Structures are given as structure tokens and as C-alpha cells.
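Chemist: Okay, sequence plus prediction incoming.
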Amino acid sequence: MLTLNRCMQALALCAAFAALPAAAETPQDILDGFTVEAKTEAPDFQGFDAERGKLFFNSTHGNDWSCATCHTSNPAASGKHAKTDKVIDPLAPAVNAERFTDLKKVNKWFKRNCGDVLDRECTSLEKGDVLTYLMAIQ
Amino acid sequence: MLQRILVWDVPTRVFHWTLALSFAGAYLTSEGERYRDIHLALGYLMLGMIAFRLVWGFVGTAYARFGAFLFKPAAVVGYVRSLLSPSPQHYVGHNPAGGVAIFLLLTLGLLIGLSGLGLYWEFGDEDLFEELHEITANLMLGVVVVHIAGVLISSVLHRENLVRAMFTGYKQAANAVSITRSYVWLGMVMALLSAVFLIVYLSGS
């Protein structure tokens, strides 16, 4: 019985670890990463700016879509996919605690969505500005 | 004495080309959100086609049945080796290597479709399904490339146009039996349903 108990304990421990989220970044960690990148990309980097991020977020950059096309101009609200009408959860970490906690996901979606909106990848300055804007929303 | 015999029924041919086109189209629309509706529609279509094929593999015409192209590993190795020899083995239906490709493509297609459904309808583990969706799609592309190469090589070695056979259903063969029914109506229903589904789905969004 003792060994069985041990097995159960080990199993419970494994289950507890498996239930942990794969990544444990905070939005601030991710922003710090953008800061490091932005400094190497531009030696005259002066820091991120929420207002610039907001402008970027709502601008169509000469194309037909902006970030706000799907995410709406209120990142604290749910958005709607321009092609499938599927609900998109709010982007602002203050409203949606899951946002910007997994670097892999952040990179994946910036890459995908910048491609759709700007036809290119975003710079670290642009990503940092947008994240600063999103983190400022309460 | 070579005879012109019917090998592939119409539903099998409609399945083949619809699967090929839906996979190619879904692969090309996978990057970004701009064509997400098309990507989803083609994914549903691919899953529907695979579901049909799984049934048809048991109740379909002779050469389309799974039993007709489920070979032992030794037979697959033997066939591939014979392609390098002066007298390559010849099969009227799917050859052993082609049979392997079909089972792989069906399995991968199912995994791609189910993980895709999970990602869109939010069931299952998102991270796991994302990885699975991408990895299986790339594996399937690899199998498709090998499959196309195999078709071309076999076509040259056996001096028969396998691509044309998948369009017309006919092959030249000696001592082989023609299938008795081509199920034209079923193939037409499949093609019609596919077209209607795509039009309705894509005009709705």
C-alpha cells in the first residue's frame, strides 16, 4: 500500500507540473525583451511611447487593415475577426490576464498580424510601442 | 494482350483531386489571417473527403478498397527495389509504395483536420494542436512530394500515364479485371456538394 501511495503522490506531482502553463513570462518581461532588441536595432532608441503605439494600432499603414480592424479601437473589449467573424478576446493585459504571458505566442502573432496589416514584420520599436499602449489601458 | 480496363471509379477520382486541391489551397492560405475563411473552408472540405474515403475504403469498388493496397512491409521494399532493377514489378491498382502513401496521407490529413478544428473551435490543448497542425501539414507536403515523384518514376518505368489514369479511370492492363460500376452519380454528388459548400461558406463571410 505504501508503494501505491507513493505512486499516487508521484502521479499527483506530475499532474501538478503538467497543469502549469508552458511559459511564465509577464507582459513586463516581454516589453523588456523588446527594449533590448530596440536598442540593438536603433542606437538612438529613446524608449517606447504609448501614444505612438495607439496611433500605430489604429493606422492602416496605407493598406486596408489596421490592428483595430479586428481588435477594435478599444483593446479592452472583445474583437471580431475580419474574415471569420470569430470573437477575439481582449488584448489589454489588465482585462485579459492571459495576454502577453507567452513569448512564443507573442512573436507568432506579431509576425502573422504584422504581415497582414503592413506586409512586413514589425520593428521592435513598433511592437514595444503597441505593448506599452496596451499595458497602459486599465 | 493489353486491354483498356476501368480501374478507378468516379468517387475515388473526385476524392483524389478534391483532396489534392484542398490541401494545396489550405497550405497556400495558411500564412496570416487574410485568407482564413478560405483556409477553413478547404479544411472542412478535406475532412469531408477523408471521411468519405474511409467509408469507401470498405464499401467501394475493388481497387479502391483498403484491402487491395494494404501490403506487407516486405512487399513495399520489394516493389521499391524492383524499380531499380531491369524488370520493375507492375500493379494494376495502387502499387505497394502508393498504398503506403495513401495510408500516410489519410492519417496525416485526419490529424491536420482534427487539430485545425480544435484550434478554431477551441477544444483540446492549444499549444499541442498548433504544433501538431503545423508539423503534420509539413509532413503531408513531404509525402505529397514523394508521392508525385513516385507517380512520375513509375509512369516512366512502366510506360503508362498514371496521372491520366487518375483523371479518366482507365489503364492498359493484361490479365486484370475491370471494375463493373463507376458510380458516376456518386462522384457527381460529391463534386456538386463540394462546390455548393464552398460557395455558401465563402459568400457567408
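Modeler: That came through, no problem.

Chemist: Every contact and neighbour count from this point should use C-alpha atoms.
Modeler: Will do.

Chemist: for the closest residue to B:Leu117 other than its chain neighbours, helix, strand, or coil?
Modeler: Distances taken as Cα to Cα, 6 or more residues apart in numbering or on different chains place B:Phe123 nearest to B:Leu117, at 8.0 Å, with adjacent residues excluded. Under DSSP: H, G, I helix; E, B strand; the rest coil, B:Phe123 falls in the coil class.

Chemist: what's the answer for B:Tyr91, then?
Modeler: coil.

Chemist: B:Leu119 against B:Phe129, yeah?
Modeler: Yes - with contacts defined as Cα atoms under 8 Å, B:Leu119 counts as touching B:Phe129 at a distance of 6.6 Å.

Chemist: So which of those two has more stuff around it?
Modeler: B:Phe129 (21 against 18; other Cα atoms under 10 Å in any protein chain shown).

Chemist: tell me which parts of chain A are close to chain B?
Modeler: Residues of chain A found near chain B (Cα under 8 Å from any Cα of the partner chain) are A:83-85, A:112-113, A:115-116.

Chemist: Quick check: B:Ala149 vs B:Ser155, distance?
Modeler: Separation of B:Ala149 from B:Ser155 (Cα to Cα, to the nearest Å): 10 Å.

Chemist: Now the closest residue to chain B within chain A: closest residue in space, sequence neighbours ignored.
Modeler: As assessed by Cα to the nearest Cα, chain B sits closest to A:Arg112 within chain A, at 4.9 Å. Nearest-residue entry for A:Arg112: B:Gly32, 4.9 Å, with adjacent residues in sequence omitted and distances by Cα to Cα, 6+ apart.

Chemist: From what I see, that neighbour and A:Leu118 are in contact.
Modeler: No - look at B:Gly32 against A:Leu118 with Cα under 8 Å: they stay out of range, at 11.5 Å.

Chemist: who has more neighbours, these two?
Modeler: Using other Cα under 10 Å as the criterion, B:Gly32 and A:Leu118 rank with A:Leu118 on top: 18 against 15.

Chemist: how close does the more buried one sit to A:Ile30?
Modeler: Going from A:Leu118 to A:Ile30 by Cα to Cα gives 22 Å.

Chemist: Could you give the number of residues near residue 116?
Modeler: Since no chain was named, I'll use chain A. Residues near A:Asp116, counting by other Cα under 10 Å, number 21.

Chemist: wait, chain B
Modeler: Using other Cα under 10 Å: B:Gly116 sits among 23 other residues.

Chemist: Next: B:Gly67.
Modeler: Neighbour tally, B:Gly67, other Cα under 10 Å: 12.

Chemist: A helix includes the residue nearest to A:Arg112, no?
Modeler: No - with three-state DSSP as the criterion, B:Gly32 is located in coil rather than a helix.

Chemist: and B:Lys171, bridged to which residues?
Modeler: Under DSSP bridges, the beta-bridge partners of B:Lys171 are B:Ile5.

Chemist: so where is chain B shaky, pLDDT-wise?
Modeler: Within chain B, the segments meeting pLDDT under 70 span B:205.

Chemist: what's the answer for chain A, then?
Modeler: The model of chain A has pLDDT under 70 over residues A:1-23.

Chemist: Where do the helices of it begin and end?
Modeler: With DSSP state H as the criterion, chain A has helices at A:2-19, A:27-41, A:50-58, A:67-71, A:103-118, A:124-136.

Chemist: Adding distance to B:Val200, write those out as TSV.
Modeler: Shown next, in TSV, are those (distance: least, Cα to Cα, whole Å):
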stretch	distance to B:Val200
helix A:2-19	41
helix A:27-41	41
helix A:50-58	32
helix A:67-71	23
helix A:103-118	25
helix A:124-136	37
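
Chemist: Kindly state which of these is positioned closest to B:Leu162.
Modeler: helix A:103-118 (39.1 Å; Cα to Cα).

Chemist: buried stuff in the closest one?
Modeler: A:103, A:111-118 (16 or more other Cα atoms under 10 Å in any protein chain shown).

Chemist: and if you look at stretch A:25-32?
Modeler: Buried residues in stretch A:25-32 (16+ other Cα under 10 Å): A:26-27, A:30-31.

Chemist: And stretch A:120-136, by the same measure?
Modeler: Applying a neighbour-count criterion of 16+ other Cα under 10 Å, one finds A:121-135 buried in stretch A:120-136.

Chemist: Could you pull up the residues touching the residue of chain B found nearest chain A?
Modeler: Proximity of chain B to chain A (Cα to the nearest Cα) peaks at B:Gly32, 4.9 Å away. Taking Cα atoms under 8 Å, 6 or more residues apart in numbering or on different chains as the criterion, B:Gly32 is in contact with A:112-113, A:115-116.

Chemist: what about residue 99, neighbour count?
Modeler: Since you didn't name a chain, this refers to chain A. A:Arg99 has 18 neighbours, counted by other Cα under 10 Å.

Chemist: Hmm, no, I was thinking of chain B.
Modeler: Applying other Cα under 10 Å, we find 19 residues neighbouring B:Gly99.

Chemist: try A:Ala38
Modeler: For A:Ala38, the number of neighbouring residues by other Cα under 10 Å comes to 22.

Chemist: which residue sits closest to it, ignoring its sequence neighbours?
Modeler: Once flanking residues are discounted, A:Ala38 sits nearest to A:Ser124: 5.1 Å by Cα to Cα, 6+ apart.

Chemist: how near is that neighbour to A:Gly33?
Modeler: Counting by Cα to Cα, the gap from A:Ser124 to A:Gly33 is 9 Å.
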